[in-house]
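Q: sequence? don't have it. structure:
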């Protein structure tokens, strides 16, 4: 059997419930971002740029749009004889009778046969719902140099945020000595980015054993990583430096879009040396009307601006009417804002229409207003 060095599996089956109405009909990785992209474009583009040629995308919740989208491997250049993007769906039955993955590790376990087809030496496991650019090949070099059973990409977060993540405690050589999954009182601020490299055969043996344990949570953070540590395996932390955003809430998704207004943003979607590939939007160039007033706007193709845009991001095919004001806000694709309407500190979902004269959001609100229905 031919062996490839590393195969990637993207976990893209989560519901994204904290994104509220944005994920009522689409999976979280299919949510729009940055004018013309989808969140899943980032791990897929990172794979293509890192030379990872075989990628499995594990979908589950509201997966119809996501399945059809990622099946277009050519968007990321992963459609040659020796490369491909493969949509993988669950086979286990829940009490409801629906096919499900019982946890993040179970998603890999149910697809062992697919992975074995390529007989990889290493398995790269990725979350499908983060915004970042990363060279996985450099992480693999680090993994091999450390002679580790598993390498976990980590990034420092604030002590206030740390309880939202898996937290690593490491020694002076970056070896992980303890792992705490979403601790109430974190003892470190090194957060797991949901990016793992495993020696496949070691992980495979553990997954087979885990599948047979009726009391297991079948989860990497709660089950597999603690078991590797308990077995005395060497786990190391790969310290990532660069832009990374977990867009798990409305506020964080808004923040990630607003970051694009900063000329010094580390993400740099226009970097010719590390492109983020996506589906080309069929749209006319942006139209800026004679009475439009734009102060710090991120404007994409197909938009029509006839009002005021201040410190805001306007996605493809959105329209801002005469005298309308968009302030500190994000308009997702195909939003229509009527004449004289005012939108402040809001994230407006795909296809929403805001009628003339309507007022949405507030400059004094603690959290970002999500508008997912017509006003």
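A: Yes, it's here. As the structure is a prediction and not an experimental result, all values here were calculated from the model.
Q: does residue 140 really touch residue 6, like I thought?
A: Yes: under the criterion of Cβ atoms under 8 Å, residue 140 makes contact with residue 6 at 6.0 Å. C-beta coordinates here come from the backbone N, C-alpha and C atoms, glycine included.
Q: Centroid-nearest residue for the protein?
A: Centroid-nearest residue in the chain, with Cα atoms, centre = their mean: residue 129, separated by 1.9 Å.
Q: Which one of residue 140 and residue 6 is surrounded by more residues?
A: Taking neighbours as other Cβ atoms under 10 Å, residue 140 and residue 6 compare with residue 6 leading, 24 against 21.
Q: correct me, but the more buried one touches residue 118?
A: No: with contact defined as Cβ under 8 Å, residue 6 does not reach residue 118; the gap is 9.6 Å.
Q: where along the stretch 201-350 of the chain do the strands fall?
A: Listed in chain order, the strands of the stretch 201-350 of the chain (DSSP state E, counting those that start in this stretch) span residues 235-239, 244-246, 287-288, 293-299, 304-305, 308-314, 319-320, 325-327, 330-331, 336-337, 342-344, 346-348.
Q: Please name whichever of the ones you listed is nearest to residue 362.
A: For the strands of the stretch 201-350 of the chain, proximity to residue 362 was assessed by Cβ to Cβ; strand 342-344 is nearest, at 6.0 Å.
Q: Adjacent strands (with direction) for that closest one?
A: Partner strands for strand 342-344, per DSSP bridges, with pairing direction: strand 325-327 (parallel), strand 359-360 (parallel).
Q: which other residues reach that strand?
A: 324-329, 331, 337, 354, 358-363, 371 (Cβ atoms under 8 Å, 6 or more residues apart in numbering).
Q: Kindly reformat the strands of the stretch 201-350 of the chain as a markdown table containing mean neighbour count and mean pLDDT.
A: Putting these into a markdown table (neighbours: other Cβ atoms under 10 Å; pLDDT from 0 to 100) gives the following:
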| stretch | mean neighbour count | mean pLDDT |
| --- | --- | --- |
| strand 235-239 | 22 | 97 |
| strand 244-246 | 20 | 92 |
| strand 287-288 | 15 | 96 |
| strand 293-299 | 17 | 96 |
| strand 304-305 | 20 | 98 |
| strand 308-314 | 23 | 98 |
| strand 319-320 | 26 | 98 |
| strand 325-327 | 22 | 98 |
| strand 330-331 | 31 | 98 |
| strand 336-337 | 26 | 98 |
| strand 342-344 | 23 | 98 |
| strand 346-348 | 25 | 97 |
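Q: For residue 222, which of the ones you listed is the nearest?
A: strand 235-239 (15.1 Å).
Q: what's that closest one packed up against?
A: helix 136-146, strand 150-156, strand 166-170, strand 176-181, helix 225-230 (3 or more Cβ pairs under 8 Å, 6 or more residues apart in numbering; DSSP states H and E).
Q: returning to that earlier point: export the strands paired with strand 342-344 to CSV and tack on distance to residue 66?
A: Shown next, in CSV, are the strands paired with strand 342-344 (distance: least, Cβ to Cβ, whole Å):
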stretch, distance to residue 66
strand 325-327, 29
strand 359-360, 29
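Q: Do a quick rundown of the helices in the chain.
A: 41-50, 64-70, 104-109, 112-118, 136-146, 200-211, 225-230, 250-258 (DSSP state H).
Q: Go through those and name the closest to residue 177.
A: helix 225-230 (8.0 Å).
Q: ok, back up a step: how about the strands of the stretch 201-350 of the chain in JSON lines, adding distance to residue 271?
A: Putting the strands of the stretch 201-350 of the chain into JSON lines (distance: least, Cβ to Cβ, whole Å) gives the following:
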{"stretch": "strand 235-239", "distance to residue 271": "21"}
{"stretch": "strand 244-246", "distance to residue 271": "15"}
{"stretch": "strand 287-288", "distance to residue 271": "26"}
{"stretch": "strand 293-299", "distance to residue 271": "16"}
{"stretch": "strand 304-305", "distance to residue 271": "26"}
{"stretch": "strand 308-314", "distance to residue 271": "18"}
{"stretch": "strand 319-320", "distance to residue 271": "29"}
{"stretch": "strand 325-327", "distance to residue 271": "27"}
{"stretch": "strand 330-331", "distance to residue 271": "22"}
{"stretch": "strand 336-337", "distance to residue 271": "31"}
{"stretch": "strand 342-344", "distance to residue 271": "30"}
{"stretch": "strand 346-348", "distance to residue 271": "25"}
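Q: hang on, the earlier thing: pull up the overlap in contacts between residue 140 and residue 6.
A: The contact sets of residue 140 and residue 6 overlap at 122, 124, 197 (Cβ under 8 Å, 6+ apart).
Q: Look up how far residue 363 lies from the last one.
A: Going from residue 197 to residue 363 by Cβ to Cβ, to the nearest Å gives 45 Å.
Q: hmm, back to that, compare the mean pLDDT across the helices of the chain and name the weakest.
A: Here the helices of the chain differ in mean pLDDT, and the lowest is helix 64-70 at a mean of 87.
Q: So between residue 197 and residue 363, which is more surrounded?
A: More crowded of residue 197 and residue 363, by other Cβ under 10 Å: residue 197, with 26 against 8.
Q: distance of the more buried one from residue 142?
A: As for residue 197, its distance to residue 142 is 9 Å (criterion: Cβ to Cβ).
Q: Which neighbours do the two have in common?
A: Counting by Cβ under 8 Å, 6+ apart, the residues touching both residue 197 and residue 142 are residue 151.
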